[in-house]
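Undergrad: no FASTA, just this:
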DNA sequence: CCTGACTGGATAGCGATAGTATCTAGTCTA
DNA sequence: TAGACTAGATACTATCGCTATCCAGTCAGG
């Protein structure tokens, strides 16, 4: 398949494909000659994935690169690969890196309380959680201390369900794809449902008042 | 309080404050004279809110404007105000506007199944949901049809809990602030917990394997 | 064999977003 | 009365994610 066909069958412009190849998101086609390369189904697949991640998840190109690199590293276990994916998908949202140790302790406490024993002690996500907790605490959000307890079993159920869905008889790349798509698209799905639920419950409480 | 004090006490530069005033995110201070205006606690509060929404939620400035406008409209009910907030907070993520009616039907079905009877029939969120469903369907994500059923009660519980937290004895602006912060910061909290849970469950299944 | 559409690769440009910086004319404070 | 500060306007900047142009070379059809 030549580059123009790849462009046609994915709806991505030739210029953009070249850009993605430059950025290392997409391998260059197999060279047939100096001025001609061959692209296959793998390219189509990868390109579609990249587009979904950008369109639905607004994942920055740099993070996509990290994702691709994680897939490529054949020495890592599937779990390590997934770990890197999680790290890459934690999109910017520059939480101001928890000032005190207190919130970090709280974060660790939450992870322990949830029973997530397998989370790396040095997972960057823990710091991120600490940062978010800090924001929650000093933004005067009316959060009772048991608030997290309400979330944890629900979140655990959701995550467990999602991991269950992954078909581990496939190759690394396919599994990574499922993981990443699940994280991004189902994450969006989740937030969308939550907004709908908010609207419903807000109506029950506040409709027609003042 | 003069502008430089406002800047100092929020950590936002004078230039940025002026920019926010220009964009209508922040009301100009009460004029004391031609070249001097007075800013009060309301400004500090608003400014801090804006920064959290940008830093944690990456909410674009345009959406913040919509939020501010919604708060300002005193004729709308609290519920309408919250509805507008939901619309504004559905950040970009240009889902390609569901091609067929089929997915839209599916979306409505999900809302009905969840028992969210109070969601407007023409809520833009429904279309967004349809778009996401479409992406899920044709991205080959292994989603069993009962998948949504797994999510719905959990999401409903989370949303109900969050709405419960809102203190309705306060004024509109304070309630809006709680709603928006809840949606953005707790949303981030939620996704962060989910990533941690993913790491845990992924470890249980995939650690040390190849 | 020639013409014209197409290619890989390099480099430059563009439009949107979110600020920064500078300038002006004036004001307040010590 | 000097020096720091201010409102408001305008211009500039950096980053991101492409998009366009150019180059030299290639391939397919007539």
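TA: All right, it came through fine. Here the structure is a predicted model, which is why all the values come from computation and not from measurement.
Undergrad: Could you report the distance from residue A:191 to DNA strand C?
TA: Here the distance between residue A:191 and DNA strand C works out to 18 Å (Cβ to the nearest atom of the strand, to the nearest Å). The C-beta positions use only the backbone N, C-alpha and C, and glycine is treated the same way.
Undergrad: Quick check, pLDDT for that residue.
TA: pLDDT recorded at residue A:191 is 93.
Undergrad: Name the nearest residue to it, ignoring sequence neighbours.
TA: With Cβ to Cβ, 6 or more residues apart in numbering or on different chains as the criterion, residue A:191 has its nearest non-adjacent residue at 5.9 Å, and that residue is residue B:187.
Undergrad: Surely the one you found is in a strand?
TA: No: inclusion of residue B:187 in a strand is not indicated when DSSP: H, G, I helix; E, B strand; the rest coil is applied; the result is helix.
Undergrad: how many neighbours does residue A:74 have?
TA: Other residues within reach of residue A:74 by the criterion other Cβ atoms under 10 Å in any protein chain shown amount to 8.
Undergrad: residue contacts, it?
TA: When contacts are counted by Cβ atoms under 8 Å, 6 or more residues apart in numbering or on different chains, residue A:74 touches residue A:172.
Undergrad: For it, grab phi and psi.
TA: In this entry, residue A:74 is assigned phi and psi values of phi -80, psi -10 (degrees, to the nearest 10).
Undergrad: What pLDDT does the model give it?
TA: We have a pLDDT of 92 for residue A:74.
Undergrad: before we move on, what about residue A:176?
TA: Predicted confidence (pLDDT) for residue A:176: 95.
Undergrad: so what's the nearest residue to it once chain neighbours are set aside up against?
TA: Across the structure, with Cβ to Cβ, 6+ apart as the measure, the residue nearest residue A:176 apart from its sequence neighbours is residue A:71 (4.8 Å). Each residue near residue A:71 by Cβ under 8 Å, 6+ apart is listed here: A:81, A:172-173, A:176.
Undergrad: For residue A:71, what are phi and psi?
TA: For residue A:71, the backbone dihedrals (degrees, to the nearest 10) come out as phi -70, psi -40.
Undergrad: And residue A:114, by the same measure?
TA: Taking degrees, to the nearest 10, you get phi -70, psi -10 for the backbone angles of residue A:114.
Undergrad: Distance check, it against residue A:156.
TA: When distance is defined by Cβ to Cβ, to the nearest Å, residue A:114 is 6 Å away from residue A:156.
Undergrad: Mind listing the shared neighbours of these two?
TA: Taking Cβ under 8 Å, 6+ apart as the contact criterion, the residues that touch both residue A:114 and residue A:156 are residue B:197.
Undergrad: separation between the residue nearest to residue A:191 and residue A:199?
TA: For residue B:187, the distance to residue A:199 (Cβ to Cβ) stands at 15 Å.
Undergrad: Which one of these two is surrounded by more residues?
TA: Between residue B:187 and residue A:199, counting by other Cβ under 10 Å, residue A:199 is the more crowded of the two (25 against 20).
Undergrad: Skip the chain neighbours and tell me the closest residue to the more buried one.
TA: Closest residue in space to residue A:199, ignoring its immediate chain neighbours: residue B:119 at 5.0 Å, by Cβ to Cβ, 6+ apart.
Undergrad: Contact partners for the one you found?
TA: Taking Cβ under 8 Å, 6+ apart, one finds A:196, A:199-200, A:203, B:111, B:125-126 in contact with residue B:119.
Undergrad: Which ones among the contacts of residue A:71 lie within helices?
TA: Secondary structure of the contacts of residue A:71 is defined by DSSP state H; positions in helices are A:81, A:172-173, A:176.
Undergrad: and chain A, which residues reach DNA strand C?
TA: Contacts of chain A with DNA strand C, taken as Cβ under 7 Å from any atom of the strand, map to A:2-5, A:14, A:18, A:21-22, A:28-29, A:31, A:35-37.
Undergrad: if we go to 10 Å?
TA: Listed as neighbours of DNA strand C in chain A under the rule Cβ under 10 Å from any atom of the strand: A:1-8, A:14-15, A:17-19, A:21-22, A:27-39.
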